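Student: Quick one, structure for this:
(one chain, ligands or ions: 1)
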Amino acid sequence: MIKVLFVCLGNICRSPMAEYVFKDMVKKEGLENQFSIASAATSYEEVGNDMHYGTKDKLDEMGIPYTKHKARRIEKQDYQKYDYIIGMEESNIRNILRIVGDDEGKKVYRLLDFSKNPRDIADPWYTGNFTVTYHDIVEGCTNFLNYLKSHCL
Ligand code: 4NP
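Tutor: Below you'll find the model as predicted:
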């Protein structure tokens, strides 16, 4: 079982989008039994809240299913619970490390570091552009799954 935690600042836009995009991707490949996939925030800002309507609208438009979401903040113990802790941008990585401590197990990555063009994923909470974020997340999740297929599956 590969346990993956996607992380962003608020856990209402990018990380839940990545959670549901990646769940859909592994299901379509018949790999869902080999994964546990979740998401979390680095801040307390949106704890308890549902996904942003822009994220839900984009998932609906792309036919990607999702369940009721409740934002939560990452906890120190999550470092032991997950194999991969995947942030959306460099500031997420810094905040994740501040919360979990040293990355002794080399579990913390930025999603688009798995792509040929490593970069941050812009926050649609500020940009309002959920389409660009969606395409970046699909690119990152596709490359991440390919990495896992060649290294662990
Ligand atoms: P996310 O976007 O990190 O992609 O979920 C944000 C959502 C809420 C806030 C910041 C970013 N906020 O400050 O409330």
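
Student: tell me the contacts of the nearest residue to Ile93 once chain neighbours are set aside?
Tutor: Closest residue to Ile93 apart from its sequence neighbours, by CB to CB, 6 or more residues apart in numbering: Gly87 at 4.6 Å. (C-beta placed from N, C-alpha, C; glycine too.) Counting by CB atoms under 8 Å, 6 or more residues apart in numbering, Gly87 touches 7-8, 93, 95-96, 108-111.

Student: Out of these, flag the one nearest to the ligand.
Tutor: Ranked by distance to the ligand (CB to the nearest ligand atom), the contacts of Gly87 are led by Cys8 at 3.5 Å.

Student: burial measure for the closest one, as a count.
Tutor: Cys8 has 30 neighbours, counted by other CB atoms under 10 Å.

Student: Show me the contacts of Gly87 that map onto strands.
Tutor: Counting by DSSP state E, the part of the contacts of Gly87 found in strands is 7-8, 108-110.

Student: where do the strands sit along this structure?
Tutor: Along the chain, the segments classed as strands by DSSP E run 2-8, 35-41, 84-87, 108-110.

Student: Relative to the ligand, which of these is closest?
Tutor: Nearest of those to the ligand, taken as CB to the nearest ligand atom: strand 2-8 at 3.5 Å.

Student: Other residues contacting that closest one?
Tutor: By CB under 8 Å, 6+ apart, the residues outside strand 2-8 that reach it are 14-16, 18-19, 22, 34-42, 74, 78, 81-89, 92, 96, 111, 123, 148, 152-153.

Student: any idea which of the strands of the chain is most buried?
Tutor: strand 84-87 (a mean of 26; mean count of other CB atoms under 10 Å).

Student: so for it, what's the average pLDDT?
Tutor: The average pLDDT for strand 84-87 rounds to 98.

Student: Which neighbouring elements make contact with the longest helix belonging to the chain?
Tutor: Longest helix of the chain, by residue count under DSSP state H: helix 130-151. The elements that helix 130-151 packs onto, with contact taken as 3 or more CB pairs under 8 Å, 6 or more residues apart in numbering; DSSP states H and E, are helix 14-28, helix 53-61, helix 124-127.
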